[in-house]
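**Student:** pasting the structure only:
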């Protein structure tokens, strides 16, 4: 625990964290990039989830859609994670003490685990059903779960702004 | 104009709807969450089609197919955006109505919507409209980049409303 604390302090005390904290426009600028990236992550994951639910792109085989949209998902996720890490650095201790922040991180892990389980287990026989307009129940469950988890991620993200002490003006 | 807006904001702030929204602490973040999720749908739909025009996404499919798969979902979700955005204005009128960043966002929004509607309309009317000749292909790529810049500008302005509000 003490090591984690040292690790966090190392970033929080860095010059970069200091600039993000002190500069009036740097924080909102990075925050805007974060919102743009999150919107694209959520939107492009939704494209895949709706396909798994049989609600959209049903003429498109699942594997074709996946290979088209995955680069968009990963690129925008990388941008969201990088901008998020910069925001986190600026006030690491306060973020770690915020329940919504911790919940957001856990929900992102859950969304990742859901994706992994789907790819490694549920999608083993993908070639057999990937052209079906309505995928099997296990694929629909993975899609629905993903949508719910990402909605919760966005909600937690918004609630962080309202519950951070010192509010960073971001809340209201 | 400024005085009228000030007066209008004061009136709006005094309505019972505004009081109700402000009284329950969870309503504003909940509205903002729905607003952002709707932005995610609209923004991603527009940008994925822009990516297709720029040949970065689903280039094995004709533009018409990609555009008519993604763009129509923008319009119903836009209604949710206007409703949640409207309620957020009612809750905190001065935050936006007396804030030039809000008006910048609205101008960008009108431009982005006009561009997106024109794109969808032209493709629906003539499927190969943007692919017929080299000049049009180039124009479509330029417009796709303008569209991405406009939508990103809307999101930037949206976030900056929180930082530029008066008082």
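**Tutor:** Good, I have the coordinates. Since the model is a prediction, treat every value here as computed from it, not as a measurement.
**Student:** could you use CA atoms for every contact and neighbour count after this?
**Tutor:** Fine.
**Student:** whatever residue of chain A ends up closest to chain B and residue A:155, how far apart?
**Tutor:** Across chain A, the shortest distance to chain B (Cα to the nearest Cα) belongs to residue A:39, at 4.1 Å. Noted for residue A:39: a distance of 12 Å to residue A:155, by Cα to Cα, to the nearest Å.
**Student:** more neighbours, the two?
**Tutor:** residue A:39 (26 against 21; other Cα atoms under 10 Å in any protein chain shown).
**Student:** give the buried residues for the strand or helix carrying the more buried one.
**Tutor:** With elements taken from DSSP states H and E, the one containing residue A:39 is helix A:26-52. By 16 or more other Cα atoms under 10 Å in any protein chain shown, the buried positions in helix A:26-52 come out as A:27-52.
**Student:** next, the buried residues of the helix or strand just after it.
**Tutor:** Downstream of helix A:26-52, the first helix or strand assigned by DSSP H and E is helix A:62-90. Residues of helix A:62-90 classed as buried: A:62, A:65-66, A:68-69, A:72-73, A:76-77, A:79-80, A:82-84, A:86-90 (neighbour count, 16+ other Cα under 10 Å).
**Student:** give me the low-pLDDT residue ranges for chain A?
**Tutor:** A:1, A:165-172 (pLDDT under 70).
**Student:** okay, and the residue of it most remote from its centre sits in which element?
**Tutor:** Distance from the C-alpha centroid of chain A peaks at residue A:128, with 30.1 Å (Cα atoms, centre = their mean). Residue A:128 belongs to helix A:126-129 when assigned by DSSP H and E.
**Student:** so residue B:5 sits against residue B:96, correct?
**Tutor:** No. Proximity of residue B:5 to residue B:96 does not meet the contact threshold set by Cα atoms under 8 Å, at 10.6 Å.
**Student:** those two: which has the busier surroundings?
**Tutor:** Comparing residue B:5 with residue B:96 by neighbour count (other Cα under 10 Å), the higher total belongs to residue B:96, at 21 against 14.
**Student:** quick one: secondary structure of residue B:55?
**Tutor:** The three-state assignment at residue B:55 reads coil, by DSSP: H, G, I helix; E, B strand; the rest coil.
**Student:** tell me how far it lies from residue B:143.
**Tutor:** For residue B:55, the distance to residue B:143 - Cα to Cα - is 13 Å.
**Student:** do the same with residue A:12
**Tutor:** 42 Å.
**Student:** do the same with residue B:120
**Tutor:** 13 Å.
**Student:** now name the helix or strand holding the closest residue to residue B:72 other than its chain neighbours.
**Tutor:** Nearest residue to residue B:72, sequence neighbours excluded (Cα to Cα, 6 or more residues apart in numbering or on different chains): residue B:120, at 8.0 Å. Element membership for residue B:120, per DSSP H and E: helix B:100-125.
**Student:** avg pLDDT for that helix?
**Tutor:** Throughout helix B:100-125, pLDDT has a mean value of 96.
**Student:** quick one: buried residues of that helix?
**Tutor:** B:101-102, B:105, B:108-109, B:111-113, B:115-117, B:119-120, B:123.
**Student:** same thing with stretch A:120-127?
**Tutor:** Buried-residue list, stretch A:120-127, by 16+ other Cα under 10 Å: A:122-123, A:126.
**Student:** okay, how far is it across that stretch, tip to tip?
**Tutor:** End to end - Cα to Cα - stretch A:120-127 spans 14 Å.
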